[in-house]
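[1] here is my input; please provide its structure:
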Amino acid sequence: MNIGENKINLTSDQIIQILKGGTAEEKSTVLEELRETETQDTTLIHPLVDCMEQESSRAVKERVLIVLNLLLPLSQFKEVDRMLRSSDPFIRNGAVEIIKRSDIPIIKFLENLAEDKDKDVRKFVIDALSREKSEQAMEIIRKRLNDEDTNIVYTAIEYLGSFNDATCVAEIETILLTSSNFMVICAGLEALAKIQQSPHKEKILAKFMNTQGESITTFPLLKYLGTFGDSQAFPYFHHLMESKPGMFSKEILDAIESILQNNPGSQLTQQLQESLETLQLTANSVTKYAIGKLLTFTQASPSSGQTTSQLEKAREMLEDENVMVKLCAAELLADIGNAEDLERLEAIADESDSDELLEAIGDAVMKIEARIQS
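    Numbers count the residues shown, from 1 in each chain. Prediction:
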């Protein structure tokens, strides 16, 4: 054997012997050369996997994985199923990453492994398909919605939601209405929100809004409500804000905004409005801005019949010390302000050094002037 100066001149048998019994340095040298020469010797796959199983050096194992990344696609992924069944997490995860990076279709191979009796193998298969947005891949993942392992069901739901797979909506709804596993429920609520379909939303909301914020499902439920909810959810938001002050603020505000956008003409309840105004008093600038927009959202259109009170609210906000509240007011006045507001806006502009606020004021002035002229 001739190993030195990072150069090797060895037969396959000699390489195999080093992989079996060489030092970590000898193995690293051989593996680096195989990588640099982009070896295509698929007879090395089995001993390379053996080497990973036996090796204690993480650096050597990583180099083995790099070489396997070259060879496994050439062999139609020979030994991948063995790697997926390994007791070593590094080897299992390495197999998944190789499959994910491959451009070679291996759907049939994975379809068979998806039914493997080993739950870890089934889990790794759907992980490997997580970037394969094809009908074949999604069908394999859909079948795992009925898996006996809860972790696999949760993962399958999560991926199908990311794929916006409307085909699985009915199954996910059934799982939501029958499962007691919090992780599965969270994944289901978020998946349906992403897919934006939920024919049985009334049953789902009736079940989960009764938790009154005590469950870990609250965060995904708020996302679900933002997509499918209406003004009937407002008392629930009020309860959360009163019972868990500050805990779900961002998610609640996002959900309210979505509901108002999706349901034109909806009005905040008096209780919810008061909760929002209370929160605004102590909130940070970003939250103050978000609340300000919500408090004025439903009256921003003259068709609401409440433009006058809304205009007064916007003018009051324009005098607030917080620049984010002023910004919100300027944006609102751009839509509902009149000639009386031009002087107010110009006065605020003279006092401000915020580029963002000055830009919003300039936009508001132009829009108001355009309305006056029309």
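
[2] what sits against the closest residue to residue 231 other than its chain neighbours?
    Excluding the flanking residues, the one nearest residue 231 by C-beta to C-beta, 6 or more residues apart in numbering is residue 266, at 4.5 Å. To be clear about C-beta, it is placed using only N, CA and C from the backbone, and glycine gets the same treatment. Contact partners of residue 266, counting by C-beta atoms under 8 Å, 6 or more residues apart in numbering, are 230, 231, 259, 260, 298.

[3] burial of the second one, as a residue count?
    This means residue 231. Residue 231: 17 surrounding residues under other C-beta atoms under 10 Å.

[4] just checking, it touches residue 265?
    No - the criterion here is C-beta atoms under 8 Å, and residue 231 misses it with residue 265 at 9.3 Å.

[5] who touches stretch 71-91?
    Contacts of stretch 71-91 (C-beta under 8 Å, 6+ apart): 39-42, 44-46, 48-49, 52-53, 58, 61, 92, 94-96, 98-99, 102-104, 106, 109, 113, 116, 118, 120-121, 124-125.

[6] could I have the buried ones of the residues you listed as PyMOL selection syntax?
    For the buried members of those, the matching PyMOL selection, counting by 16 or more other C-beta atoms under 10 Å, is:
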select buried, resi 39+42+44+45+48+49+52+61+92+94+95+96+98+99+102+106+109+113+116+120+121+124+125
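
[7] so of the contacts of stretch 71-91, which ones are in helices?
    Applying DSSP state H to these, the entries found in helices are 45-46, 48-49, 52-53, 58, 61, 92, 94-96, 98-99, 109, 113, 120-121, 124-125.

[8] burial of residue 255, as a residue count?
    24.

[9] cool, and residue 34?
    23.

[10] all helices for the stretch 251-374 of the chain, in order.
    270-282, 285-297, 307-318, 323-336, 340-351, 355-373 (DSSP state H, counting those that start in this stretch).

[11] about what we covered before: farthest-separated two in the contacts of residue 266?
    Across those, no pair lies farther apart than 230 and 298, at 13.1 Å, counting by C-beta to C-beta.

[12] these two: which is more packed in?
    Using other C-beta under 10 Å, the more surrounded residue of residue 230 and residue 298 is residue 298, with 19 against 14.

[13] where does this protein dip in pLDDT?
    Scanning the chain with the threshold set as pLDDT under 70 gives 1-8, 211-214, 296-309.

[14] name the residue closest to the centre of it, please.
    Note on the chain: the residue nearest the mean C-alpha position is residue 162, at 7.8 Å, using C-alpha atoms, centre = their mean.

[15] find the nearest non-adjacent residue to residue 236, please.
    residue 209 (5.1 Å).

[16] would you agree the one you found is in contact with residue 222?
    No - in this structure residue 209 lies outside contact range of residue 222 using C-beta under 8 Å: 10.4 Å.

[17] more neighbours, those two?
    residue 222 (26 against 19).

[18] skipping adjacent residues, who's closest to that one in space?
    Nearest one to residue 222, counting by C-beta to C-beta, 6+ apart, is residue 251 at 4.1 Å.

[19] how is this structure carved up into domains?
    1-104, 106-228, 299-374 (automatic domain parsing).

[20] do you know how far the residue nearest to the centre of the chain is from residue 97?
    18 Å (C-beta to C-beta, to the nearest Å).

[21] do residue 259 as well
    Taking C-beta to C-beta, one finds residue 259 at 41 Å from residue 97.

[22] what about the two, which has more around it?
    residue 259 (22 against 13).

[23] I'd say that one and residue 231 touch.
    Yes - taking C-beta under 8 Å as the definition, residue 259 is a contact partner of residue 231 at 6.9 Å.

[24] what's near enough to touch the closest residue to residue 363 other than its chain neighbours?
    Spatial nearest neighbour of residue 363, excluding adjacent residues (C-beta to C-beta, 6+ apart): residue 334 at 5.6 Å. For residue 334, the contact set (C-beta under 8 Å, 6+ apart) comprises 360, 363, 364, 367, 368.
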